[in-house]
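1. what's the 3D shape of this:
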Amino acid sequence: MDYAHEKGLAAIALTDHDTVEGLDEALSYAKEKYPDMEVVTGIEFSTVNEGKDLHIVGLYIDHHDKNFTDKLQAFIDSRTARNIEMCRKLREQANIPITYEELINSFPDAVITRAHYAKFMVDRGFAKSRAEVFDRYIGDHCPYYVPREKISPEEAIRSILDNGGIPIFAHPILCRLGDEKLEKLVKRLKEAGLIGIEAIYSTYEPRDERHIKELAGKYDLLISGGSDFHGANKPKIDLGTGFGRLFVPEELLTFIRAAAGR
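-> The predicted structure is shown next:
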């Protein structure tokens, strides 16, 4: 929140993957220190479409809604079980001494992902590089990989709508589907209740932005934008400005806010 205000942002959406745990702290801190900066409550659902990752962002969610948080907790519990099983396979089948307790102690307050496994294993000399960890041990088709529980983009959209939030298709170009398949997907998600699509994004080329804006117009979707700032995990992407050229107009949020009834 300090950095967002330092960068002169009018608003910032906190959209962590599959968790809302940071929202209360962000809201209370910014309200006290930066009343001129809006903090938008959000989440980014990790969904799977035809075997590929697809991210659905929810903006202006009610992160205290019990039905919503209960579903999130069930998803988190399934992810914990998956991590415990992956550690077991690495220990018993690959002879790598790793436990889930060691992982969470090494990365306190983090949502454990395979990137954390890679850092843990490299730091302790069990592998020479992050690439080796994924190539030999926990890549999608490796013997010690355990797939996570899958939710569809439609399920994510429905959860966000039921909560009163605004579902947005995040960085659609990154799905690498090709124009025809992407349009079919956008049409399908629109029919499921999609309200917005991310047309302004750090890694887009000008033609990508034009393409997504055309799809937004064709399927009556609101336009969103974001840097996808991840701190040290994506050191080349800066908050608000991406690789330096990104600009997300404040007025885009006006339409999203109105759709949320705010």
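
2. need the longest strand for this structure.
-> strand 38-49 (DSSP state E).

3. And the average pLDDT for that one is what?
-> Average pLDDT, strand 38-49: 95.

4. what about residue 214, which SS state?
-> Following DSSP: H, G, I helix; E, B strand; the rest coil, we place residue 214 in the helix state.

5. circling back: identify each buried residue in the longest strand of the chain, please.
-> For strand 38-49, a neighbour-count test (16 or more other Cβ atoms under 10 Å) marks 38, 39, 40, 41, 42, 43, 44, 45, 46, 47, 49 as buried. Every C-beta, even on glycine, is put in place using the N, C-alpha and C of the backbone.

6. immediately after it, which helix or strand?
-> As assigned by DSSP states H and E, the chain's next helix or strand after strand 38-49 is strand 52-59.

7. That following strand: which residues count as buried?
-> By neighbour count on 16+ other Cβ under 10 Å, the buried set for strand 52-59 is 54, 55, 56, 57, 58, 59.

8. Stretch 171-179 too?
-> 171, 172, 173, 174, 175, 177.

9. With distance to residue 31 and pLDDT as new columns, can the residues you listed be given to me in TSV?
-> Shown next, in TSV, are the buried residues of stretch 171-179 (distance: Cβ to Cβ, whole Å; pLDDT from 0 to 100):
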residue	distance to residue 31	pLDDT
171	29	97
172	33	97
173	35	96
174	33	94
175	36	92
177	40	92
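
10. which helix of the chain spans the most residues?
-> Scanning the chain for the longest helix, with DSSP state H as the assignment, gives helix 66-94.

11. Would you confirm that residue 134 contacts residue 121?
-> No: the criterion here is Cβ atoms under 8 Å, and residue 134 misses it with residue 121 at 10.3 Å.

12. Neighbour count: those two, which is higher?
-> With neighbours defined as other Cβ atoms under 10 Å, residue 134 and residue 121 compare such that residue 121 has more, 23 against 18.

13. Any figure for the gap between the more buried one and residue 127?
-> Here residue 121 is placed at a distance of 5 Å from residue 127 (Cβ to Cβ, to the nearest Å).

14. and for the two, which residues touch both?
-> Shared contacts of residue 121 and residue 127, defined by Cβ atoms under 8 Å, 6 or more residues apart in numbering, comprise 133, 137.

15. now residue 190: how far from residue 140?
-> Taking Cβ to Cβ as the measure, residue 190 and residue 140 are separated by 29 Å.

16. Low-confidence stretches in the protein?
-> Along the chain, segments meeting pLDDT under 70 are nowhere present.
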